[in-house]
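Asker: Generate coordinates for the sequence data below:
(one chain, ligands or ions: 1)
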Amino acid sequence: MRIPLVDLKAQYDTIRGEVDAAIQQVLDQGQFILGPEVQAFEEEIADYCGTKFALGVASGTDALRLALLACGVGPADEVITTPFTFVATAETIIQCGATPIFVDINPKTYNIDPTQIKEKITSRTKVILPVHLYGQAVDMDPILELARKYDFKVIEDCAQALGAEYKGKKVGSIGNAGCLSFFPTKTLGAYGDGGMVVTNEPKIAETVNLLRKHGANTSYYYLLPGFNSRLDALQAAILRIKLKHLDRWIESRRAKAALYEQLLREIDGIKPLSVEEFGKPSFTYYTICLKDSGLNRNKLREHLESRGIQTMVYYPLSLHLQEAYGGLGYKQGDFPQSELAQSQVLSLPMYPELGEERIREVVASIKNFIRNSKSLRC
Ligand SMILES: *Cc1c(COP(=O)(O)O)cnc(C)c1O
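Answerer: Residues are numbered from 1 along each chain as shown. You can find the predicted model right below:
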């Protein structure tokens with residue numbers, strides 16, 4: 001039995017009729033970029049997240065870049081973020097001409113550790129960019145307090161966390177702006193690229209709206225230099241269908257995570273992700289940690305792969321150690337928790353249609369591996 005990390009085909013099979021009809025309707029309408037379908041989707045997402053505005057853009061990466069620019073980030077500015085994230089978080093800061101300033105993670109959640117932020121704040125700090133990794137909210141209150149005190153803005157990277165909550169609020173509605181990704185494997189995935197900026201602030205919404213269409217207010221009159229970064233109507237139509245199922249899918253992910261957790265808890269050497277009581281994760285990825293138990297992650301992955309079980313490491317090398325970011329001047333040892341995490345985390349199959357018996361098989365295979373590697377060691 002093949003157990004993939006995510007199964008997009010299984011999801012499509014459950015909504016095929018609705019999706020096919022929505023695609024056909026866009027083809028019949030003939031409006032393909034922005035337009036009524038995108039606008040309707042934006043209103044639905046704003047409503048879902050609890051924000052006043054939502055602006056569809058070409059990708060989650062562009063959502064970050066445009067939100068940073070709309071918050072005034074430019075050369076000589078610093079943006080504080082985590083090194084244990086997808087590259088887009090840091091790369092977009094650099095695209096704005098600014099410098100990413102990394103802060104280590106909390107080893108329980110793999111999210112930025114708010115207690116270490118204050119010492120990194122300088123007069124150049126413009127924005128703090130927390131990432132809700134794996135679908136679990138960052139502890140936002142201490143960050144909002146720093147933002148008020150030192151007068152910088154907060155942009156949430158919600159690419160992995162649409163639908164996750166922090167103290168009863170949806171992520172994306174907590175800081176000055178939130179950035180969503182509709183990359184196919186995210187919780188709300190398009191059949192192509194897509195992203196969105198959500199915000200309560202008219203100024204940020206207006207600027208993102210201009211930036212995404214070449215800076216144009218009305219056609220061919222440009223108020224500022226912008227980009228081509230718009231959401232397609234086809235993707236919006238597909239995402240509108242999927243959004244109707246999103247809460248049910250997230251509930252299903254939560255139930256699967258609870259089962260994983262219950263089964264994994266008994267296994268020595270494996271630690272499931274800690275769920276903080278202030279939030280409700282969306283479990284975009286289900287990630288475990290191989291504690292300092294001498295278990296070999298590569299061997300475990302090979303063992304699971306040989307049984308048809310796909311796994312992934314998000315992420316194998318913290319951004320501060322990446323060749324591309326050598327110029328930032330960080331070195332091995334600067335962020336010990338991120339460096340530990342990169343060698344210990346492992347994400348297991350997780351999608352709403354994943355059957356309970358398959359979860360039991362994944363866990364049984366992990367148990368089996370541990371039993372064998374223990375007997376090898378004695
Ligand atoms: C996926 C992802 C992004 C980028 O989204 P794209 O839509 O792929 O451009 C940004 N940040 C994080 C944390 C992500 O996981």
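Asker: Show the backbone phi and psi for the closest residue to residue 192 other than its chain neighbours.
Answerer: Excluding the flanking residues, the one nearest residue 192 by Cβ to Cβ, 6 or more residues apart in numbering is residue 235, at 5.6 Å. Where C-beta positions appear, they are placed from N, C-alpha and C, glycine not excepted. Residue 235 adopts backbone torsions of phi -70, psi -40, taken as degrees, to the nearest 10.
Asker: Let me see the confidence value for residue 235.
Answerer: Residue 235 carries a pLDDT score of 98 in this model.
Asker: can you pull the contacts of the residue positioned nearest the centre of the chain?
Answerer: With distances taken as Cα atoms, centre = their mean, residue 160 lies nearest the centre of the chain, 2.1 Å away. For residue 160, the contact set (Cβ atoms under 8 Å, 6 or more residues apart in numbering) comprises 86, 131-135, 181, 186-187, 282, 284-285.
Asker: Filter those residues down to the buried ones and express that as a ChimeraX selection.
Answerer: Provided next is the ChimeraX selection string for whichever of those are buried by 16 or more other Cβ atoms under 10 Å:
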select :86,131,132,133,134,135,181,186,187,282,284,285
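Asker: Need the contacts of residue 160 in TSV (columns: pLDDT, secondary structure and distance to the ligand).
Answerer: Output for these, formatted as TSV (pLDDT from 0 to 100; DSSP: H, G, I helix; E, B strand; the rest coil; distance: Cβ to the nearest ligand atom, whole Å):
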residue	pLDDT	secondary structure	distance to the ligand
86	98	coil	4
131	98	strand	5
132	98	coil	8
133	98	helix	7
134	97	helix	9
135	97	helix	10
181	98	strand	3
186	97	coil	6
187	97	coil	11
282	97	coil	12
284	96	coil	8
285	96	coil	9
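Asker: Now for the contacts of residue 160: which two are most distant?
Answerer: Distance extremes for those: the farthest pair is 86 and 282 at 15.8 Å, using Cβ to Cβ.
Asker: In the stretch 51-200 of the chain, mark out all the strands, start to finish.
Answerer: Here the stretch 51-200 of the chain has its strands, by DSSP state E, counting those that start in this stretch, at 53-57, 78-81, 99-102, 125-129, 153-157, 165-166, 169-170, 177-181, 195-199.
Asker: looking at it, residue 223 is touching residue 214, isn't it?
Answerer: No: using Cβ atoms under 8 Å, residue 223 makes no contact with residue 214, being 10.0 Å away.
Asker: Would you mind telling me which of the two has more residues around it?
Answerer: residue 214 (17 against 14; other Cβ atoms under 10 Å).
Asker: ok, for that one, nearest residue in space, not its chain neighbours?
Answerer: Leaving aside its sequence neighbours, residue 214 sits nearest to residue 226 (Cβ to Cβ, 6+ apart; 4.5 Å).
Asker: helix, strand or coil for that neighbour?
Answerer: State at residue 226, reduced to three classes by DSSP: H, G, I helix; E, B strand; the rest coil: coil.
Asker: Residue ranges of each domain in this protein, please.
Answerer: 8-240, 246-377 (automatic domain parsing).
Asker: and these, which is most packed in?
Answerer: Here the criterion is mean neighbour count by mean count of other Cβ atoms under 10 Å, and of these the winner is domain 8-240, at a mean of 20.
Asker: Okay, and residue 260 sits in which element?
Answerer: Secondary structure from DSSP states H and E places residue 260 in helix 233-264.
Asker: Going along the chain from that helix, find the next helix or strand for me.
Answerer: Following helix 233-264 in sequence, per DSSP H and E, is strand 270-272.
Asker: for the record, mean pLDDT for that following strand?
Answerer: For strand 270-272, mean pLDDT rounds to 89.
Asker: if we can go back for a sec, doesn't residue 216 make contact with the residue nearest to residue 214?
Answerer: Yes: here residue 226 reaches residue 216: they are 7.1 Å apart, a contact under Cβ under 8 Å.
Asker: which residues do those two both contact?
Answerer: Residues touching both residue 226 and residue 216 (Cβ under 8 Å, 6+ apart): residue 210.
Asker: Give the bridge partners for residue 289, please.
Answerer: Residue 289 forms beta bridges with residue 271, residue 345, as assigned by DSSP bridges.
Asker: That one and residue 342 touch, don't they?
Answerer: No: if you go by Cβ under 8 Å, residue 289 and residue 342 don't touch, sitting 11.1 Å apart.
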